[in-house]
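1. Curious how this folds, go ahead:
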Amino acid sequence: MPRADPPMAASRPGWRPSTVTGIVLLALVYYGVARASLGLSFASTNASPVWPPSGIALAALLVGGPRLGAGVFIGAFAANLTTFVGNGVAPWGPAALVSALIAAGNMAEGLLAAWASRRFIRGEMFDSPQGAYVFVAAALVAAMASASGGVAALVGSGIVPGHLAGTVWLTWWLGDVTGLLVIAPLLLQLRTWRPRRVNWRRGVLTVAVFAAASGLAFGGLLDAGHANRLMTFGLVVFIAGAAYRHGPLGATSATFGIAVLSIAATIHGRGPFAKATANDSLISLDGFLALCAITGMVLAASRQRAHAAEGPAVHRGGQLPAAMLLAGLAATVLAWHFTAADTERRAADRFDDIARDIQASVQERMGVYEQALRGGRGLFDASVRVERGEWRQYVESLTINRNYPGIQGLGFSERVSRADRQRYVEQVRADGLPAFDFHPAGERDEYTSITYLEPFDERNRRALGYDMYSEPVRRTAMLQSRDSGSPAVSGKVRLMQESGEDRQAGFLMYVPVYHRGAPVDTVAARQAALKGFVYAPFRMDDLMHGALQRVDLSSVCLRIFDGDQVDPAAVMYMNAAQCQASYPHQFVQAVPMQVAGHRWTAEVKSTQVFEAAVERPRSPSWRAR
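-> Numbers count the residues shown, from 1 in each chain. Presented below is the predicted three-dimensional model:
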């Protein structure tokens, strides 16, 4: 076992390289591992929740002495400087100053942890629980020095806003603590390891148990019900078994293996610690890894002391504290699971409320528009003939710009046979529209010309005379409305009014108008009695801004699709600012909406804003403390 006192560094004089060579090697290793770890850093801060270099530095300083601190400084300075400049966070001058301050903190962390370990641990490292406790305390305190100095430099230089200082500090401190507790003990154990005859049976059993425990926790089979949270206790039991079977080297190796696997799984959104952001996920995981490391060290130290004691009774008595520790950890994991499950339930209820509000708001708003169109049909039912001026007065009375956001106008499209086409064109031209004609051009059996459309602005003028029967999507909705006698909504279309850059998906709503007094009690009768359609074109973005103004969409991504499938080609609306990349355990709900006999599907997804408002419990380590 490696010793914590100074002779440990000189126990093998032929092995240790010269100080200069040691500094160079340490700087290179520190730089390489740090650069890889900074890829997981909190945005533009160089504060990573995974920081193995802290453990590498501590192990090197315990073995090679404080003179190797220069290697820590050089490696940390180079890694931070190249990352700052490469990411465009700061120019060379300010970046060099901040990098030097951060590197000084990294060096101070390693020197402080090494000094405390040498000063307060008597005898060999981790050969007693007291030694493990001292090492853990040294790691916790030393990491504060690095985190505090680094965050002060980042905030003072303006790289990190002051309101983020607490989050960055926690990320930094946890990353360094985890590196100190997971990496340094393993390297110190490997330094004194001697090859011996391998017990293959025991080795295969150990690997099998590790694979089973890791697969249950991070393999994804138990993600749906979040039972993978309970499976994390299996990893703690595995570490306990490794500590009792293989001693400190087994415990530290098991902890390292779990760390590598769990970090990889969590980064890829697998396992119980995966959250909305990689930073939040790894912060949560850090606590669990620290718990694993401490458990392994304490149990391995207890085993060493029990084996060194005389008599089997002492050895058996040493198992009781370990059993009590594992029982306490089991209760902690269980409490974490049930607390997290309750939090998930409350978050799901809140998400469901938002989805229901969206559904109700859209359907209620479309019902209001439907009544406006029915009112237009009532005008035709009550009059022998509705003149253009009368239609204008009716639409103006609705003040649609204020009361009906998203609607582009209210119009009437008249059914015209091929035989009546020319007469109809001449009639409309005589009514004050000399340029009127049907479009698109061509001979058809019947037409549905847009005759009235108010407000009669520049945008709506382009639609005048358009034969909506000529376009299949519009025609389908019109025939449905004609045959049913009820309002109908078209599928997704591009409106005739669309132009310029602000183009939006559109649709139309139709209400059939029949000749006064004609029978309409059968489908055939309604087909024969059709006079035309009162209709309204809608721009989807404008419509949703009005319909959903009382719904808080800041925490969800909303996409509305035409039809009953979530099809990217059929998307009609999306609050793009909130629709970010997907993340693990995201709340997703497909909400069907019936709009005048037509089907829309609203896909609602939670966002990181939603997750930030959920008070999720920390990982088991926070409770264990």
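2. going forward, measure contacts and count neighbours with C-alpha atoms only.
-> Will do.
3. hey, where'd the strands end up in the stretch 301-450 of the chain?
-> Taking DSSP state E, counting those that start in this stretch as the test, the strands found in the stretch 301-450 of the chain are 410-417, 446-454.
4. Dump the ones you listed into JSON lines; add distance to residue 185, mean pLDDT and mean neighbour count as well.
-> JSON lines is the format used below for those (distance: least, CA to CA, whole Å; pLDDT from 0 to 100; neighbours: other CA atoms under 10 Å):
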{"stretch": "strand 410-417", "distance to residue 185": "76", "mean pLDDT": "93", "mean neighbour count": "22"}
{"stretch": "strand 446-454", "distance to residue 185": "79", "mean pLDDT": "91", "mean neighbour count": "22"}
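5. Quick one: those as a markdown table, columns for distance to residue 279 too.
-> Shown next, in a markdown table, are the strands of the stretch 301-450 of the chain (distance: least, CA to CA, whole Å):
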| stretch | distance to residue 279 |
| --- | --- |
| strand 410-417 | 52 |
| strand 446-454 | 54 |
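6. Let me see the backbone angles for residue 261.
-> phi -70, psi -50 (degrees, to the nearest 10).
7. And for stretch 570-590, what's in contact with it?
-> Residues outside stretch 570-590 that contact it (CA atoms under 8 Å, 6 or more residues apart in numbering): 269-270, 274-277, 348, 351, 355, 492, 504-506, 540-541, 544, 554-563, 601-607.
8. switch the cut-off to 7 Å
-> Residues from elsewhere that reach stretch 570-590, judged by CA atoms under 7 Å, 6 or more residues apart in numbering: 269, 274-276, 492, 505, 540-541, 554, 556-562, 601-606.
9. for the stretch 151-300 of the chain, which spans come out with low pLDDT?
-> Scanning the stretch 151-300 of the chain for pLDDT under 70 picks out the ranges 196-200, 220-226, 276.
10. that older thread, please identify which of the strands of the stretch 301-450 of the chain is closest to residue 137.
-> For residue 137, the closest of the strands of the stretch 301-450 of the chain is strand 410-417, at 74.3 Å, according to CA to CA.
11. the helices in the stretch 151-300 of the chain, which residues?
-> Using DSSP state H, counting those that start in this stretch, the helices of the stretch 151-300 of the chain run over residues 165-191, 200-218, 228-267, 278-308.
12. For the last one, enumerate the helices and strands it packs against.
-> It refers to helix 278-308. Contacts defined by 3 or more CA pairs under 7 Å, 6 or more residues apart in numbering; DSSP states H and E place helix 278-308 against helix 129-156, helix 165-191, helix 228-267, helix 312-317, helix 620-624.
13. Can you spell out the domain ranges of the chain, please?
-> 1-193, 196-317, 351-361+548-612, 363-545 (automatic domain parsing).
14. would CSV of the ones you listed with distance to residue 344 be doable?
-> As requested, the domains of the chain are exported to CSV (distance: least, CA to CA, whole Å):
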stretch, distance to residue 344
domain 1-193, 23
domain 196-317, 10
domain 351-361+548-612, 10
domain 363-545, 29
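15. mind checking which of these is nearest residue 342?
-> Among those, the nearest to residue 342 by CA to CA is domain 196-317 (11.5 Å).
16. which residues does residue 214 contact?
-> Residue 214 touches residue 235, counting by CA under 7 Å, 6+ apart.
17. Swap in 8 Å and give it another go.
-> 235, 258, 261.
18. before we move on, back to that, averaging pLDDT over each of the domains of the chain, which comes out lowest?
-> Mean pLDDT is lowest for domain 196-317 among the domains of the chain, at a mean of 78.
19. Around residue 66, how many other residues sit close by?
-> Here the number of neighbours of residue 66 (other CA atoms under 10 Å) works out to 17.
20. Now the residue lying closest to it once chain neighbours are set aside: which helix or strand?
-> In space, and not counting its chain neighbours, residue 66 is closest to residue 111: 6.4 Å by CA to CA, 6 or more residues apart in numbering. Counting by DSSP states H and E, the element that carries residue 111 is helix 92-120.
21. Buried residues of that helix, list them for me.
-> For helix 92-120, a neighbour-count test (16 or more other CA atoms under 10 Å) marks 94-96, 98-118 as buried.
22. swap in stretch 151-163?
-> So, applying 16+ other CA under 10 Å, buried residues of stretch 151-163: 151, 152, 153, 154, 155, 159, 160.
23. just curious, which of those residues is nearest to residue 295?
-> Closest approach to residue 295 among the buried residues of stretch 151-163 (CA to CA): residue 151, at 29.7 Å.
24. Next, work out how far apart the residue lying closest to the closest one once chain neighbours are set aside and residue 58 are.
-> Of all residues not flanking residue 151 in the chain, residue 169 sits nearest, at 6.1 Å (CA to CA, 6+ apart). Per CA to CA, to the nearest Å, residue 169 is found 20 Å from residue 58.
25. go on, residue 543?
-> Using CA to CA, residue 543 is found at 62 Å from residue 58.
26. Please list only the buried members of the contacts of stretch 570-590.
-> Here, 16+ other CA under 10 Å leaves 269, 274-276, 492, 505, 540-541, 556-562, 601-606 buried among these.
27. The residues you listed in helices, which ones?
-> Applying DSSP state H to the buried ones among the contacts of stretch 570-590, the entries found in helices are 540, 541.
28. Looking at the helices of the stretch 151-300 of the chain, spot the one closest to residue 138.
-> Per CA to CA, nearest to residue 138 of the helices of the stretch 151-300 of the chain: helix 165-191, 9.5 Å.
29. Redo the helices of the stretch 151-300 of the chain as a markdown table? Include distance to residue 465.
-> Listed next are these as a markdown table, based on distance: least, CA to CA, whole Å:
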| stretch | distance to residue 465 |
| --- | --- |
| helix 165-191 | 62 |
| helix 200-218 | 63 |
| helix 228-267 | 58 |
| helix 278-308 | 56 |
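30. related to what we said a few turns ago, deepest-packed of the helices and strands packed on helix 278-308, please.
-> Mean neighbour count (mean count of other CA atoms under 10 Å) peaks for helix 165-191 among the helices and strands packed on helix 278-308, with a mean of 24.
31. Give me the angle between that helix and helix 129-156.
-> Using axes from the mean of the first three to the mean of the last three CA atoms, to 10 degrees, the inter-axis angle of helix 165-191 relative to helix 129-156 is 140 degrees.
32. Determine the angle, from 0 to 180 degrees, between helix 165-191 and helix 278-308.
-> With the same axes, to 10 degrees as the basis, helix 165-191 and helix 278-308 are set at 40 degrees to each other.
33. What angle do helix 92-120 and helix 165-191 make with each other?
-> Using the same axes, to 10 degrees, helix 165-191 lies at 50 degrees relative to helix 92-120.
34. Off-centre distance for helix 165-191?
-> Distance of helix 165-191 from the chain centroid (CA atoms, centre = their mean, to the nearest Å) equals 26 Å.
35. who's in contact with stretch 454-473?
-> Contacts to stretch 454-473, defined as CA under 8 Å, 6+ apart, come from residues 391-392, 395-396, 408-411, 436-440, 447-453, 474-475, 478, 490-493, 496-498.
36. Quick one: end-to-end distance for that stretch.
-> One end of stretch 454-473 sits 23 Å from the other (CA to CA).
37. Could you pull out the buried residues of it?
-> 454-456, 460, 463-470, 473.
38. so how far is whichever helix in the chain runs longest from its chain's centroid?
-> Longest helix in the chain, counting residues (DSSP H): helix 319-381. On the basis of CA atoms, centre = their mean, helix 319-381 sits 17 Å off its chain's mean C-alpha point.
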